[in-house]
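**Student:** No sequence on hand, only this structure:
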């Protein structure tokens, strides 16, 4: 509001009123953001996006807690299977490198990426 020319005291008062009424809830925003985007992106990318939007660190970590563990691994597996179909023509070694890079860019941790690659690549090598 200040950037649009509102006096500082008015902007502060309106913002405080909006928070008090529950119209501004960074925690709810972070949870919704993670819930809608976790199927496509890993926690590192989601964390960076939420930081860029100005959400506080503890709220980000709380929102990401639900998107970790087995759910994250399943999402990375599904993404790898979808992506692998497009990479089959590249040959096994090139497909492995491209798939690894794709999963890392999507924000999945290296431990999850390594596990997923071990699971999906043997099938690619047998076909190739």
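**Tutor:** The structure has been received and is ready for your questions. Here the structure is a predicted model, which means the values were calculated and not measured. Numbers count the residues shown, from 1 in each chain.

**Student:** can I see the domain layout of the chain?
**Tutor:** As assigned by automatic domain parsing, the chain contains the domains 2-67, 70-127.

**Student:** Show the average pLDDT along the longest one.
**Tutor:** In this case it means domain 2-67. The pLDDT scores in domain 2-67 average 88.

**Student:** circling back: need the domains of the chain in a markdown table (columns: mean neighbour count).
**Tutor:** All C-beta atoms are positioned from the backbone trio N, CA, C, and that covers glycine. Converted to a markdown table, the domains of the chain look like this (neighbours: other C-beta atoms under 10 Å):
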| stretch | mean neighbour count |
| --- | --- |
| domain 2-67 | 14 |
| domain 70-127 | 15 |
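
**Student:** any idea how far residue 20 is from residue 13?
**Tutor:** Distance, residue 13 to residue 20, using C-beta to C-beta, to the nearest Å: 11 Å.

**Student:** likewise residue 111?
**Tutor:** 42 Å.

**Student:** and if you look at residue 92?
**Tutor:** Going from residue 92 to residue 20 by C-beta to C-beta gives 59 Å.
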